[in-house]
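Student: Pasting the sequence and the predicted model now:
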Amino acid sequence: MKEILLSLLAGIIIGIVFKSLRLPLPAPPVLAGIMGIIGIFLGGLIFTQALKLFS
């Protein structure tokens, strides 16, 4: 839970800094960003399982 809160806090701080500097937010559109994160997570799981299977 601590990691989630720290991640949220870091995101809020970065969002404030970027908006105050009038820069575009460093994030993809919401759904595309979420799907990208899920894809990275699933890719890591698949790779770990493949290593276990072939070793």
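Tutor: Cool, the structure landed.
Student: Tell me which residue lies nearest the centroid of this structure.
Tutor: Centroid-nearest residue in the chain: residue 37, 5.2 Å away (criterion: Cα atoms, centre = their mean).
Student: Distance check, it against residue 11.
Tutor: 13 Å (Cβ to Cβ, to the nearest Å). For the C-beta atoms, the positions are set from N, CA and C on the backbone; glycine is no exception.
Student: mind listing what residue 8 touches?
Tutor: Counting by Cβ atoms under 8 Å, 6 or more residues apart in numbering, residue 8 touches no other residue.
Student: Now it: which helix or strand?
Tutor: Assigned by DSSP states H and E, residue 8 falls within helix 2-20.
Student: element containing the spatially closest residue to residue 28 that is not a sequence neighbour?
Tutor: Take residue 28 and drop its neighbours on the chain: the residue closest to it by Cβ to Cβ, 6 or more residues apart in numbering is residue 36, 6.5 Å away. Residue 36 belongs to helix 30-54 when assigned by DSSP H and E.
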